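Novice: got a predicted structure here, sequence first:
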Amino acid sequence: MSDKETYEVVGVHQLTEEQAEQARALRDVCNSADGLDLKLGISAGYAAQSAEPYAFLCALDGALVGFCTLSGDDDPELELCGMVHPAYRRRGIGRALLDAALASARRRLATLRVLAICEDASAAGRAFVAAAGGKHSFSENRMETAAIPPAPASTSARNLDVREAGQAEARDLARVIATSFGQSDDHMAEDIVRDMTVEGERYFLARLSDEPHEPVGAFKIFIDKPKAYIYAFGVLPEFRRHGYGREILEDILPRLFAEGWTAVGLEVDADNTPAQALYRSVGFHDVTVYGYYILDITAQ
């Protein structure tokens, strides 16, 4: 079969349970074959809020052989990650998935750029992104732990109350996360409320134990079976260097392992050495490095 052969790529707004299981199985095959840890949020609970799909599937010979996600709904910046079964590569399937995803991005009027996610360890992936015109923007370290951190020497020194947050606290969550990362919180509270309706996604807010219980930090937990992931973990600038980040991690990690997840992962900017040092101090280790590459969505 030649590279010019066309393939049917189906875009979906929400994966069925069967499609999610097939995508996870394909991810496991690709990870095992290539020694990777592909960044693909595969969940049957997530439904795209955009008129455009968030996942693209290619099936051949009665099996799912190609898959990619385009996350971000109608935001100005979208993230793309994909995979093709090792036995079906070099047949144009990856390019067909990419073309379908970029065509979808162009139809979203607010989209300014697409970031393709590719692991540094994947020479073939980096070559594919380069051939598609991708330009490196930044990198993130993927870190993981499978061990509960040692219990603090004293519980009397605990200063924070870390609890799962409800929709009424969405504005506090948005303020903490946006301020922690130097972002605008425009529409973030609405996005958080929407995320709370998705199975496997939860937000937590850390407040000072003493009155007036001021918000200090926040984060999101995303479940991608059999692991849990910490996202958007931030502590307000005025509360940094007080040990609060460590206290939050020492609180939430035992809870996640008690729920039965095999490991807990997170991502941190490759240049953020203080945060990496904190994560290593509570048991996290490096797994891989994700490169983020800007793709030109104006090219046809």
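Specialist: That came through, no problem.

Novice: residue contacts, the closest residue to residue 199 other than its chain neighbours?
Specialist: Nearest non-adjacent residue to residue 199, counting by CB to CB, 6 or more residues apart in numbering: residue 45, 3.5 Å away. Where you see a C-beta, it was placed from the backbone N, CA and C, and this is true even at glycine. Residue 45 is in contact with 198-201, counting by CB atoms under 8 Å, 6 or more residues apart in numbering.

Novice: what's the separation between residue 66 and residue 126?
Specialist: Going from residue 66 to residue 126 by CB to CB, to the nearest Å gives 19 Å.

Novice: please read the previous query as pertaining to residue 254.
Specialist: 38 Å.

Novice: pretty sure residue 193 sits against residue 171.
Specialist: No: counting by CB atoms under 8 Å, residue 171 is not a contact partner of residue 193; they are 9.7 Å apart.

Novice: where exactly do the strands run in the stretch 101-250 of the chain?
Specialist: Using DSSP state E, counting those that start in this stretch, the strands of the stretch 101-250 of the chain run over residues 113-119, 135-145, 160-164, 201-208, 215-224, 227-235.

Novice: just checking: what are the partner strands of the longest one?
Specialist: What it means is strand 135-145. Strand 135-145 sits in its sheet next to strand 264-269 (antiparallel), strand 285-295 (antiparallel), going by DSSP bridges.

Novice: before we move on, what about the last one?
Specialist: If you go by DSSP bridges, strand 227-235 pairs up with strand 215-224 (antiparallel), strand 264-269 (parallel).

Novice: average pLDDT for the shortest one?
Specialist: Summarised as a single mean, pLDDT over strand 264-269 is 96.

Novice: and it, what's buried?
Specialist: For strand 264-269, burial by neighbour count (16 or more other CB atoms under 10 Å) applies to 264-268.

Novice: let me have those in JSON lines, extended by distance to residue 291.
Specialist: Converted to JSON lines, the buried residues of strand 264-269 look like this (distance: CB to CB, whole Å):
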{"residue": "264", "distance to residue 291": "23"}
{"residue": "265", "distance to residue 291": "17"}
{"residue": "266", "distance to residue 291": "17"}
{"residue": "267", "distance to residue 291": "12"}
{"residue": "268", "distance to residue 291": "14"}
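
Novice: which two of the residues you listed have the greatest separation?
Specialist: 264 and 268 (13.4 Å; CB to CB).

Novice: before we move on, the earlier item: so the residue nearest to residue 199, which state does it fall into?
Specialist: coil (DSSP: H, G, I helix; E, B strand; the rest coil).

Novice: among the strands paired with strand 227-235, which is nearest residue 115?
Specialist: strand 264-269 (13.1 Å).

Novice: next SSE after the closest one?
Specialist: Later in the chain than strand 264-269, the nearest helix or strand by DSSP states H and E is helix 273-281.

Novice: quick one: low-confidence ranges for the stretch 51-200 of the chain?
Specialist: 152-157 (pLDDT under 70).

Novice: ok, and the closest non-adjacent residue to residue 180?
Specialist: residue 234 (2.6 Å).

Novice: so who does the one you found touch?
Specialist: 176-177, 179-181, 217-219.

Novice: what separation do you get for it and residue 240?
Specialist: The gap separating residue 234 from residue 240 is 10 Å, by CB to CB.

Novice: and residue 66 and residue 126? Which one has more around it.
Specialist: A count of neighbours by other CB atoms under 10 Å puts residue 66 above the other of residue 66 and residue 126, at 25 against 17.

Novice: can you tell me the SS state at that one?
Specialist: Three-state assignment for residue 66 (three-state DSSP): strand.

Novice: hmm, residue 94 and it touching each other?
Specialist: Yes: the pair residue 66 / residue 94 is scored as a contact, 6.8 Å apart, by CB under 8 Å.

Novice: list the residues that contact residue 146.
Specialist: Residues in contact with residue 146 (CB under 8 Å, 6+ apart) are 262-264.

Novice: dump those residues to CSV, plus distance to residue 27.
Specialist: Shown next, in CSV, are these (distance: CB to CB, whole Å):
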residue, distance to residue 27
262, 15
263, 15
264, 18
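
Novice: what's the closest of the residues you listed to residue 20?
Specialist: Nearest to residue 20 among these is residue 262, at 17.9 Å by CB to CB.

Novice: tell me how far the ends of stretch 262-274 are from each other?
Specialist: One end of stretch 262-274 to the other measures 26 Å (CA to CA, to the nearest Å).

Novice: same check on stretch 208-224?
Specialist: For stretch 208-224, the end-to-end distance is 30 Å (CA to CA).

Novice: tell me how far it lies from the chain's centre.
Specialist: 20 Å (CA atoms, centre = their mean, to the nearest Å).

Novice: tell me the buried residues in that stretch?
Specialist: 215-224.
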